[in-house]
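K.L.:
From the sequence below, what's the structure:
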Amino acid sequence: MSPVDTAPDRTPTDPATPRPPRRGRDRRNQVRYRRRRLLAIVLLLVLVAGAALIGGRAALMYGARFRVNQIDVVGTTQLNPALIRAASGIEIGQPLLAVRADEVRRRLSAVPLLASVEVTRDWPNTVQLSVTERTPVALAASTAGPQLVDSTGLPYERAPKPAPKLPRLAADRVTPGDPDTEAGLAVLAALNPAVRDELQVIEVAGPTQITLRLAGNKQVRWGSSDDSVRKAAVLAALLTQPGTIYDVTAPDLPTIRR
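P.N.:
Below you'll find the predicted structure:
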């Protein structure tokens with residue numbers, strides 16, 4: 001006789017086979033269903049919001065009410081506002097939302113007299129250009145003639161004829177960021193108005209070798225641009241005394257030569 005397998009048969013319906021309770025399976029199925037339904041609702045809301053945003057942007061972009069019909073220019077004293085409007089590249093009738101501030105600033109950077117510009121959309125149909133013009137503080141020599149120089153050291157435009165009464169900045173290079181240029185302009189900014197009116201030339205042989213030439217053939221040995229405010233105060237007092245050479249390189253020990 002062949003051996004008989006005496007192990008009892010167990011089918012899926014055998015009570016001895018462990019089976020999760022039906023109530024637990026139903027609860028898990030309900031949780032999965034609720035999660036899927038919540039995800040579907042969230043996705044639907046995202047799609048609706050996106051469609052609304054696109055529709056709103058399209059309305060702003062193409063709606064007749066939101067088109068440029070006015071360009072306001074504020075802050076001009078030297079430039080003609082019409083020139084700025086033309087150089088901005090903004091067109092009457094274009095969508096207000098299509099006006100890009102960075103592009104407008106890039107175009108207007110080609111106008112030498114403009115130091116900066118702020119572009120603002122004034123809904124529903126106006127663009128405001130708030131400009132800051134350059135103010136000349138000195139002159140710089142060039143092959144094309146005297147150039148106007150602003151407080152940053154930029155020679156930005158040829159001086160008109162006759163040239164304005166401004167001191168000449170005499171340095172190897174007059175340009176923003178140049179140490180000699182910055183030193184000379186620092187001295188100029190420190191001078192009081194009365195002395196500045198008498199100033200004719202700022203000679204900068206180096207950041208520590210600055211000499212001022214005033215009206216009446218007077219010379220001021222300034223030295224470095226360090227402590228310029230103190231030196232300017234001392235110089236204003238010295239100039240009340242007769243002399244031809246005023247030395248403020250050491251402001252605590254100034255000297256006058258007659």
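
K.L.:
Need the phi and psi values for Pro254.
P.N.:
Phi and psi for Pro254, reported as degrees, to the nearest 10, are phi -70, psi 160.

K.L.:
Around it, how many other residues sit close by?
P.N.:
When neighbours are counted by other Cβ atoms under 10 Å, Pro254 registers 16. Any C-beta I mention is one placed from the backbone N, CA and C, and that applies to glycine too.

K.L.:
Distance of it relative to Thr208?
P.N.:
17 Å (Cβ to Cβ, to the nearest Å).

K.L.:
Next: Thr244.
P.N.:
Thr244 sits 23 Å away from Thr208, taking Cβ to Cβ as the criterion.

K.L.:
And stretch 85-105, what's buried?
P.N.:
85, 87-88, 90, 95-97, 99, 104-105 (16 or more other Cβ atoms under 10 Å).

K.L.:
Now find how far off-centre it is within its chain.
P.N.:
Chain-centre distance of stretch 85-105: 19 Å, with Cα atoms, centre = their mean, to the nearest Å.

K.L.:
Touching it from outside, list them.
P.N.:
57, 60-62, 66-69, 71, 73, 107-108, 110-111, 117, 119, 121, 123-125, 127, 129 (Cβ atoms under 8 Å, 6 or more residues apart in numbering).

K.L.:
quick one: the strands in this protein?
P.N.:
Secondary structure of the chain, counting by DSSP state E: strands at 70-74, 114-122, 126-133, 138-140, 147-149, 155-158, 168-170, 199-206, 209-214, 218-223, 245-247, 255-257.

K.L.:
List the pairing partners of the second one within its sheet, with orientation.
P.N.:
The one in question is strand 114-122. Take DSSP bridges as the rule and strand 114-122 pairs in its sheet with strand 126-133 (antiparallel).

K.L.:
how about the CA coordinates for the strand it pairs with, as PDB?
P.N.:
Presented in PDB, the C-alpha positions along strand 126-133 are these (Å, rounded to 0.1, in the frame of the first residue of the first chain):
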ATOM      1  CA  THR A 126      -2.300 104.600 -18.300                       C
ATOM      2  CA  VAL A 127       1.500 104.000 -18.100                       C
ATOM      3  CA  GLN A 128       3.500 106.400 -15.800                       C
ATOM      4  CA  LEU A 129       7.200 107.000 -16.500                       C
ATOM      5  CA  SER A 130       8.900 108.600 -13.400                       C
ATOM      6  CA  VAL A 131      12.300 109.800 -14.600                       C
ATOM      7  CA  THR A 132      15.500 111.000 -12.900                       C
ATOM      8  CA  GLU A 133      17.600 113.200 -15.100                       C
END
